[in-house]
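Below are the sequence and a predicted model; questions follow.
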Amino acid sequence: MSRRPVVAGNWKMHGTSAAATALAQDILRAIGRLRRVDIILCPPFTALPAVARVVKRRRVALGAQDCHWAEQGAFTGEVSVPMLQELGATHCIIGHSERRRDCGETDAAVARKVQAVVAHGLTPIVCVGETLQERDAGRTLEVVGAQLTAGLQPVTPEQAPRLIVAYEPVWAIGTGRNATPAQAQEVHACLRQRLAARFTPAIARQIRIQYGGSVKPDNSAELIAQPDVDGFLVGGASLDAAQFAAIIRAAAGVPAPATT
Ligand code: 13P
């Protein structure tokens, strides 16, 4: 079956509201009217309202980069799903490796956050990925499989089809060294098998699996050509409107516009 490609820009901790507004406007201008792809912009929390204003009335979705699992409470510095929803967010990245590494986010925390996100009808982008050490030790499939199983533990079969999973090898993030298409396909196929076992093969065929880690215009076409690569979670290149637009076009299977 053919899944609709989905490309998300994870802007990480880049962009005041003013800068995010300008970047979102530049991106919309650069992509024009693309139809065969879903696009999600994930600015920092503080820039969500500004980007929401820019993407309003365009078929571009808004995502947050994290959330807390509770609705409200004594959690200093945290942001809940209803708060994000109020700002127009429809997606939320969960379990990014930078949060696992820098904020001590565990699989159990990921599962609670995923549960909160789906309970409110938003779509989680659930991130999994191995370190270089784990890859070198031949443990990639075991590590990402365990992360996936743990993170999706609270998801029901009814909620599952709208999930987005992102495979982001830690060694490929921000390094300029992307997974090869064959490496990505091997992991994506294994993740889909796990999804089939956890839910059903039919549900697994509907869940989109993004690749992330040094995605650039010049490697996106060969990555998206893999049967189980359904889009991208883009960091650095999503901060450059022309590069991000080129990646989105590759995911949509649209040739680059002729340059004069
Ligand atoms: P880069 O595209 O900068 O490697 O980052 C990937 C990423 O972490 C997206 O979430």
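Sure thing, it's come through.

how about the nearest residue to the closest residue to the ligand within the stretch 101-250 of the chain, chain neighbours excluded?
The ligand sits closest to residue 235 of the stretch 101-250 of the chain, with a gap of 2.2 Å, by C-beta to the nearest ligand atom. To be clear about C-beta, it is placed using only N, CA and C from the backbone, and glycine gets the same treatment. Of all residues not flanking residue 235 in the chain, residue 10 sits nearest, at 5.3 Å (C-beta to C-beta, 6 or more residues apart in numbering).

for that neighbour, which residues make a bridge with it?
Beta bridges link residue 10 to residue 42 when assigned by DSSP bridges.

Show the contacting residues for it.
Contacts were defined as C-beta atoms under 8 Å, 6 or more residues apart in numbering; by that measure residue 10 touches 42, 65, 93, 96, 212, 233, 234, 235, 238.

what about the residue of the stretch 101-250 of the chain closest to the ligand, how many residues close to it?
Neighbourhood size, residue 235 [other C-beta atoms under 10 Å]: 22.

now do residue 162
Applying other C-beta under 10 Å, we find 16 other residues in the vicinity of residue 162.

Mind pulling the model confidence for the closest residue to residue 238 other than its chain neighbours?
Leaving aside its chain neighbours, residue 238 sits nearest to residue 9 (3.0 Å; criterion: C-beta to C-beta, 6+ apart). Looking at residue 9, its pLDDT is 98.

Quick one: residues contacting residue 9.
Residue 9 neighbours (C-beta under 8 Å, 6+ apart): 27, 39, 40, 41, 42, 234, 238, 239, 244.

so the residue of the stretch 101-250 of the chain closest to the ligand sits right up against residue 12, yeah?
Yes. At 6.2 Å, residue 235 and residue 12 qualify as touching, with contact defined as C-beta atoms under 8 Å.

how about the residue of the stretch 101-250 of the chain closest to the ligand, phi and psi?
Torsion angles at residue 235 (phi, psi; degrees, to the nearest 10) stand at phi -100, psi -100.

quick one: what helix or strand has residue 109 in it?
Element membership for residue 109 (DSSP states H and E) is helix 107-119.

Check residue 85 too.
helix 81-86.

And residue 175, how far from residue 210?
18 Å (C-beta to C-beta, to the nearest Å).

Comparing those two, which shows the higher neighbour count?
Legend: neighbour count by other C-beta under 10 Å for residue 175 and residue 210, higher for residue 210 (25 against 12).

and the host helix or strand of the more buried one, which strands flank it?
Using DSSP H and E, residue 210 maps to strand 208-212. With DSSP bridges as the test, strand 208-212 is paired with strand 164-167 (parallel), strand 231-234 (parallel).

returning to that earlier point: got the CA coordinates for the helix holding residue 85 in PDB?
Output of helix 81-86 as PDB, limited to C-alpha atoms (Å, rounded to 0.1, in the frame of the first residue of the first chain):
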ATOM      1  CA  VAL A  81      -0.800  18.600  25.900                       C
ATOM      2  CA  PRO A  82      -4.000  20.700  26.400                       C
ATOM      3  CA  MET A  83      -1.700  23.800  26.500                       C
ATOM      4  CA  LEU A  84      -0.200  22.800  23.200                       C
ATOM      5  CA  GLN A  85      -3.500  22.000  21.700                       C
ATOM      6  CA  GLU A  86      -4.800  25.400  22.600                       C
END
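
if we can go back for a sec, starting from the strand holding residue 210, tell me the next helix or strand along the chain.
Counting by DSSP H and E, the next helix or strand C-terminal to strand 208-212 is helix 217-224.
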